[in-house]
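What would the 3D arrangement of this be:
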Amino acid sequence: MEQKKILVLCTGNSCRSQIAHGYLKHFADERAVVYSAGVETHGVNPKAIATMADDGIDISLHTSNHVLEYQEVDFDYVITVCDHAKETCPYFPTRAEQFHYNFPDPAKAKGNEEEIKQEFARVRNMIKEYCRDFVNKHFSS
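So this is what the prediction gives:
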């Protein structure tokens, strides 16, 4: 079975794209190779790693990558997870189907530690549902 290639794109490749990367890999399993990148690189947010660990998914070895690192990859799907990435993504030729969903940025959450943790979990759960639905729709078992 040929694996589909998915690119998840965000501004800094630190939170939302990393979370989506983790879930797409989890739900698609061997049916896909998942990449994530940013139009900038900010490093993987430790709170994103922690919120994924709370749901049993380890993204601690993920790296923050720039989208241009993957310009030679022929993606099947490109998913932008924030408006900024959708608007500023450099064009590179691909036959990829493009999808977009503007998730809130949990890194911008304000409040005490518990409130910030809750916002990360809320956004994580939104991304989880989106990724589960995406895989169910685009990957037959």
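
Would you mind listing the residues in contact with the residue sitting nearest the centre point of the chain?
Centroid-nearest residue in the chain: residue 17, 2.4 Å away (criterion: Cα atoms, centre = their mean). Taking Cβ atoms under 8 Å, 6 or more residues apart in numbering, we find residue 17 in contact with 8-10, 36-38, 81, 85. The way it works is simple: take the backbone N, C-alpha and C, and place the C-beta from them, glycine included.

Am I right that it is in a helix?
Yes. The assignment for residue 17 (DSSP: H, G, I helix; E, B strand; the rest coil) places it in a helix.

which one is it nearest to, not counting chain neighbours?
In space, and not counting its chain neighbours, residue 17 is closest to residue 10: 3.6 Å by Cβ to Cβ, 6 or more residues apart in numbering.

any weak-confidence spans in the chain?
Counting by pLDDT under 70, the ranges of the chain that qualify are 1, 89-93, 141.

Buried by neighbour count: which residues of the longest helix along it qualify?
Scanning the chain for the longest helix, with DSSP state H as the assignment, gives helix 113-138. By 16 or more other Cβ atoms under 10 Å, the buried positions in helix 113-138 come out as 116-117, 119-120, 123-124, 126-128, 130-131, 134-135, 138.

And for stretch 3-21?
By 16+ other Cβ under 10 Å, the buried positions in stretch 3-21 come out as 4-21.

other SSEs contacting the longest helix of the chain?
Packing partners of helix 113-138 (3 or more Cβ pairs under 8 Å, 6 or more residues apart in numbering; DSSP states H and E): helix 16-28, helix 46-53.

go with 10 Å
Using 3 or more Cβ pairs under 10 Å, 6 or more residues apart in numbering; DSSP states H and E as the contact test, the elements touching helix 113-138 are strand 4-10, helix 16-28, strand 32-38, helix 46-53, strand 77-80, strand 97-100.

Just put those in JSON lines and tack on distance to residue 110.
Conversion of the helices and strands packed on helix 113-138 to JSON lines gives the following (distance: least, Cβ to Cβ, whole Å):
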{"stretch": "strand 4-10", "distance to residue 110": "20"}
{"stretch": "helix 16-28", "distance to residue 110": "17"}
{"stretch": "strand 32-38", "distance to residue 110": "23"}
{"stretch": "helix 46-53", "distance to residue 110": "13"}
{"stretch": "strand 77-80", "distance to residue 110": "25"}
{"stretch": "strand 97-100", "distance to residue 110": "26"}
